[in-house]
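Novice: here are the coordinates; sequence isn't available:
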DNA sequence: GAGAGCCTTAAGATTTTCTTAATAACCAAT
DNA sequence: ATTGGTTATTAAGAAAATCTTAAGGCTCTC
């Protein structure tokens, strides 16, 4: 589908991260670190969705949102820091279609972006197809909509982290994903730690729920010294 | 049905919001921020309904309403701010088919629009179909007309907020709806506070009335870390 | 202006999920 | 076989999200 997505955040690190997540999903990204540049972009490009930080140094998210509503009307997702004081953001989020508080997980962002794109499908240039939010192969089904995972017709009850790990592994099936990459893709910018085995523990839980084992892997295979992978 | 709806309000944010709500319901929207542009539109387009702010800077809602009555005769819904002084709006709302005071809930607006369209069905081009104001599946029936909810033939007495939440969940059944999105869809233009559990409390009340429980959900399922959903 | 119904807020309890840490098992190279 | 580094397992405490309850405030009606 290759939707065009506008992302605006004066925290460069955040904007860059979001860009990476979106590009991983084959979206085309227009990224700006201030409101003014974003405003210019809105009229020039054919956009399908915008992700806006509410608190920008020049033009705030609300004003950008209004401009979008005024002329173009594609979905808007607002970003707010969890600690941001209520009286500061009051009104600024008005008119958005969804809100996400930082920090967020990559998959959460992706899921909401796709949900909005689907909702607006009739008004924009994007024709989302079911595969975009569904991964299905060899008995395994992951549905981003319902957040459900099915293995050979049987429903697995996964936690958000487990779901996210499995999603990343499945998206990259056939390729080994290092534990660092996995960590980055699942936890995002939360923090950086190299000496933790938290990924391992979640892999273990996943395997348990999938009736899989490290020794005789049916799904998640350990590649020594490299990472984990799921066969194509 | 795809009715053509005219919306006029000099408060851009309001007009934009209304536009979003209506487009979500597949209506075709003509939006203007002043009276004059709206007047021009009335003769040019084949309209089915108008939503007018009474207090406009140039041509007031009343005059627009008269023009509609004069030549075209399709339903008119007037918008008034709750605080607007009685003597200022007296007379201005005369002749309208319905009135809505701001702030309003998305679902309230939609319900009234649909009601008017149905009432005028013989005079306009629109063929409303029953599904537009009725959701029914697996023992659950929601009627936007009567604002009634029936569960396995038994009537539930829901408050407006509860009805609205259930409506949104049912409309999106099969998909997880985050509490942010739920808040936006139900409360409309209110700002979002991220430490508020008001959605949760209403979910709790809903479950109680539906003889449902968080622990063994029959209808409203909690998806930890993501939101709520009703199975397809 | 009194009462009823409804909505919101707050606080504490509960449940679920995540991380840590300690130990065991494993692999590959020597 | 031994060794060093990597992965697996387990359990327990920490953290986070949700649930529940109740009180106070608001709005509408009579």
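Specialist: That came through, no problem. What you see is a predicted model, and the numbers here were worked out from it, not measured in a lab.

Novice: Is residue A:96 in a helix, a strand, or coil?
Specialist: With DSSP: H, G, I helix; E, B strand; the rest coil as the basis, residue A:96 sits in coil.

Novice: Just confirm it contacts residue B:184, I think it does.
Specialist: Yes - using C-beta atoms under 8 Å, residue A:96 is in contact with residue B:184, at 7.3 Å. For glycine as for every other residue, the C-beta is placed from the backbone atoms N, C-alpha and C.

Novice: neighbour count winner among those two?
Specialist: Legend: neighbour count by other C-beta atoms under 10 Å in any protein chain shown for residue A:96 and residue B:184, higher for residue A:96 (27 against 24).

Novice: How about the more buried one, nearest residue that isn't a chain neighbour?
Specialist: The shortest distance from residue A:96 to any residue other than its chain neighbours is 4.2 Å, reached at residue A:78 (C-beta to C-beta, 6 or more residues apart in numbering or on different chains).

Novice: what sits against residue A:24?
Specialist: residue A:185 (C-beta atoms under 8 Å, 6 or more residues apart in numbering or on different chains).

Novice: again with residue A:170
Specialist: A:135, A:137, A:140, A:142, A:230.

Novice: Out of these, which two are the most distant from each other?
Specialist: A:142 and A:230 (11.2 Å; C-beta to C-beta).

Novice: now the helix or strand that contains residue A:15, how far from the centre of its chain.
Specialist: Here residue A:15, judged by DSSP states H and E, is contained in helix A:12-24. Computed by C-alpha atoms, centre = their mean, to the nearest Å, the chain-centroid distance of helix A:12-24 equals 10 Å.

Novice: I'd like the next helix or strand past that helix.
Specialist: According to DSSP H and E, the helix or strand after helix A:12-24 is strand A:28-32.

Novice: Next, the buried residues of that following strand.
Specialist: Buried residues in strand A:28-32, counted by 16 or more other C-beta atoms under 10 Å in any protein chain shown: A:29-32.

Novice: For those, give me a markdown table that also has distance to chain B.
Specialist: Formatted as a markdown table, the buried residues of strand A:28-32 follow (distance: C-beta to the nearest C-beta, whole Å):
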| residue | distance to chain B |
| --- | --- |
| A:29 | 23 |
| A:30 | 22 |
| A:31 | 23 |
| A:32 | 22 |
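
Novice: For those, please prepare CSV with the additional fields distance to residue A:23 and pLDDT.
Specialist: Converted to CSV, the buried residues of strand A:28-32 look like this (distance: C-beta to C-beta, whole Å; pLDDT from 0 to 100):
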residue, distance to residue A:23, pLDDT
A:29, 6, 97
A:30, 12, 97
A:31, 10, 97
A:32, 16, 97
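
Novice: And the residues you listed, which two are furthest apart?
Specialist: Among the buried residues of strand A:28-32, A:29 and A:32 lie farthest apart (C-beta to C-beta), at 10.3 Å.

Novice: Name the next helix or strand downstream of the helix or strand bottoming out on mean pLDDT in chain A, please.
Specialist: Sorting the helices and strands of chain A by mean pLDDT, DSSP states H and E puts helix A:86-89 at the bottom, at a mean of 64. Heading C-terminal from helix A:86-89, the first helix or strand you meet, by DSSP H and E, is strand A:98-102.

Novice: by contact count, what packs against that following strand?
Specialist: Judged by 3 or more C-beta pairs under 8 Å, 6 or more residues apart in numbering or on different chains; DSSP states H and E, the packing partners of strand A:98-102 are strand A:76-81, helix A:106-119, helix B:179-187.

Novice: now the spatially most central residue of chain A: how far from residue B:74?
Specialist: For chain A, the residue nearest the mean C-alpha position is residue A:110 (2.6 Å; C-alpha atoms, centre = their mean). Between residue A:110 and residue B:74 the distance is 43 Å, computed by C-beta to C-beta, to the nearest Å.

Novice: Excluding chain neighbours, what is closest to residue A:14?
Specialist: residue A:102 (6.8 Å).

Novice: Can you report how many residues neighbour the one you found?
Specialist: Neighbours around residue A:102, by other C-beta under 10 Å: 16.

Novice: cool, residue A:37 as well?
Specialist: 14.

Novice: where's it, which helix or strand?
Specialist: Going by DSSP H and E, residue A:37 is in helix A:35-44.

Novice: Is any residue of that helix near chain B?
Specialist: No - shown here: helix A:35-44 not in contact with chain B (C-beta under 8 Å from any C-beta of the partner chain), separated by at least 14.2 Å.

Novice: Quick one: work out the angle between that helix and strand A:28-32.
Specialist: 140 degrees (axes from the mean of the first three to the mean of the last three C-alpha atoms, to 10 degrees).

Novice: Helix A:35-44 - contacts with which helices or strands?
Specialist: strand A:4-8, strand A:28-32, strand A:49-53, helix A:61-71.

Novice: what does it contact?
Specialist: Identification of contacts with helix A:35-44 by C-beta under 8 Å, 6+ apart yields A:6, A:8, A:30, A:32, A:47, A:50, A:52, A:56-61, A:63-64, A:67-68, A:71-72.

Novice: Then stretch A:156-167?
Specialist: By C-beta under 8 Å, 6+ apart, stretch A:156-167 touches A:105-108, A:135, A:142, A:144, A:147, A:149-150, A:182, A:185-186, A:199, A:202-203, A:205-206, A:209-210, B:224-226.
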